[in-house]
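In: With the sequence up front, the predicted model follows.
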Amino acid sequence: MTDGVMIEAAELRMVHLPLLTPFVISTGTMTHKTFPLLILRGEGLEAVAEGVMDPLPDYLEETTAGALDLLRGAVLPKLVGQRIASPSDIDPLLAPWRGNRMAKAVVEMAVWDLWAKSLDQPLHRLLGGVRPAIEVGVSLGMASLDQTLDRISASQAQGYRRVKLKIARGHDLALLAGVRDRFPDIRLTVDANTDYALSDLALIRRMDAFDLDYIEQPLAFDDIFDHAKLQQAIGTAICLDESIRSARDARVALELGATRVINIKVGRVGGFAEARRIHDVCAAFDAPVWCGGMLESGVGRAHNIHLATMPNFTKPGDTSSASRYFDRDIVNEPLEATDGLMPVPPGPGIGVSLDYEYLDRVSEVVEVWSA
Ligand code: OSB
Ligand code: MG
């Protein structure tokens with residue numbers, strides 16, 4: 001095994017999965033999950049990863065079209081035929097290209113899955129994971145107060161460990177007051193997906209009254225400095241999501257006091273290597289992390305679960321049951337939480353396999369490369 005695993009073929013697909021319920025956040029409404037899926041094959045093994053970029057750049061700058069361009073034009077033709085002794089072997093292939101961390105993550109994550117399978121090891125073991133199941137909560141899209149209360153009741157009945165409410169200007173204080181009135185004791189957080197500005201300070205400060213575990217990404221996606229000013233002026237912890245793409249971003253944000261918690265999404269930051277570096281920087285600053293999500297299919301969900309087994313993932317993450325989002329998933333193994341605990345799928349690599357019968361109905365093959 002020391003000589004690694006040969007990547008004999010790569011298959012790139014675009015997948016289009018309907019969501020059971022439209023997901024509303026401050027930047028827009030999602031009714032479908034559209035994403036690139038990369039399948040790597042070699043030595044009888046099959047590895048897979050999905051991209052978290054959207055068709056249009058409404059969360060961060062990357063798009064599915066841009067990812068396809070980079071992967072087809074520069075990365076995948078060179079990846080196929082390579083032998084992987086360790087996931088960092090692909091660094092020279094990705095390093096020349098600026099940004100595009102979501103596109104790079106697709107390749108990096110599939111390579112980790114292939115490498116783990118070649119060693120016949122579950123991914124969490126190679127990442128240094130410490131738990132057999134991860135604590136999870138729900139992320140609730142924006143809806144009326146009544147609908148939100150119903151969704152919270154359902155999540156409490158299912159044992160989810162915290163509730164994250166999407167908020168935006170004009171959909172914040174009254175909602176929070178209504179929720180706290182009915183659920184005074186639940187672990188509650190909010191996510192503004194960048195909707196506020198420093199000029200909203202007085203309003204944001206009023207959120208201190210609701211005993212929130214943290215306020216996620218209140219200000220601009222590309223700003224850390226103003227988050228530091230905001231954090232100084234409010235009692236509630238800030239948690240950065242969009243603003244953290246790298247371990248350097250994490251170090252700067254923590255040194256500046258711009259954040260006390262970080263949401264790590266392996267698909268946002270360029271893959272497992274960077275996700276682990278961010279995890280370690282946060283641990284050095286005594287800042288807890290948790291694993292975010294992007295409404296992934298079972299493929300990305302499985303990657304996220306393995307990541308969240310690492311020691312400093314001490315707050316409940318967003319990887320709730322796949323059945324909350326999809327009528328049917330593209331993997332064979334159900335990824336379902338019980339009592340707010342999502343078990344790590346057993347088996348080598350990420351521990352899930354593609355359901356090709358359904359995948360063929362909801363995807364098209366973009367291109368295939370063979371050595
Ligand atoms: O900011 O965490 C976010 C979904 C789409 C885009 C951005 C975000 C989210 C979520 C969903 O909060 C989390 C999940 O996958 O359940
Ligand atoms: Mg977020």
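Out: Good, I have the coordinates. The model shown is predicted, which means the values in this text are computed figures rather than measured ones. Ligands and ions are numbered 1, 2, ... in the order given.
In: tell me which parts of the stretch 51-200 of the chain are close to ligand 2?
Out: Contact residues (CB under 5 Å from the ion) of the stretch 51-200 of the chain with ligand 2: residue 191. To be clear about C-beta, it is placed using only N, CA and C from the backbone, and glycine gets the same treatment.
In: tell me what the longest helix belonging to the chain is packed against?
Out: Ranked by residue count and defined by DSSP state H, the top helix of the chain is helix 101-118. In terms of contact count using 3 or more CB pairs under 8 Å, 6 or more residues apart in numbering; DSSP states H and E, helix 101-118 is assigned the packing partners strand 5-6, strand 28-42, strand 45-50, helix 64-70, strand 83-84, helix 91-94, helix 123-127, helix 272-284.
In: What's the mean pLDDT across whichever helix or strand comes after the first one?
Out: Counting by DSSP states H and E, the next helix or strand C-terminal to strand 5-6 is strand 9-25. Strand 9-25 comes out with an average pLDDT of 98.
In: Stretch 73-88 now?
Out: Here stretch 73-88 scores 98 as its mean pLDDT.
In: still on that earlier bit, single out the most deeply packed of the helices and strands packed on helix 101-118.
Out: Most buried of the helices and strands packed on helix 101-118, by mean neighbour count (mean count of other CB atoms under 10 Å): strand 45-50, with a mean of 24.
In: Show me what that one pairs with in its sheet, parallel or antiparallel.
Out: In the sheet, strand 45-50 lines up against strand 28-42 (antiparallel) (DSSP bridges).
In: How far off centre is the partner strand?
Out: In terms of CA atoms, centre = their mean, to the nearest Å, the centre of strand 28-42 is found 13 Å from the chain centre.
In: hmm, back to that, for the helices and strands packed on helix 101-118, could you give me CSV that also reports distance to residue 218?
Out: Output for the helices and strands packed on helix 101-118, formatted as CSV (distance: least, CB to CB, whole Å):
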stretch, distance to residue 218
strand 5-6, 44
strand 28-42, 18
strand 45-50, 28
helix 64-70, 27
strand 83-84, 40
helix 91-94, 31
helix 123-127, 30
helix 272-284, 19
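In: Can you tell me how far residue 309 is from ligand 2?
Out: Separation of residue 309 from ligand 2 (CB to the ion, to the nearest Å): 21 Å.
In: how would you label the residue in the chain that ligand 1 sits nearest to: helix, strand or coil?
Out: Closest contact between the chain and ligand 1, by CB to the nearest ligand atom, is at residue 293 (2.5 Å). For residue 293, the assignment made with DSSP: H, G, I helix; E, B strand; the rest coil gives coil.
In: That one: what's it in contact with?
Out: Contacts of residue 293 were listed using CB atoms under 8 Å, 6 or more residues apart in numbering, and they are 139, 265, 300, 301, 304, 317, 318, 319, 320.
In: and the last one, what does it touch?
Out: Contacts of residue 320 were listed using CB under 8 Å, 6+ apart, and they are 136, 137, 138, 139, 160, 293, 337, 342.
In: and if we set it to 7 Å?
Out: Contacts for residue 320 (CB atoms under 7 Å, 6 or more residues apart in numbering) come out as 136, 138, 160, 337.
In: Need phi/psi at residue 317.
Out: Torsion angles at residue 317 (phi, psi; degrees, to the nearest 10) stand at phi -100, psi -170.
In: Identify the bridge partners of it.
Out: Note on residue 317: beta-bridge partners by DSSP bridges are residue 136.
In: Report the residue ranges of every domain in the protein.
Out: Partitioning the chain according to automatic domain parsing yields domains covering residues 5-121+353-370, 125-343.
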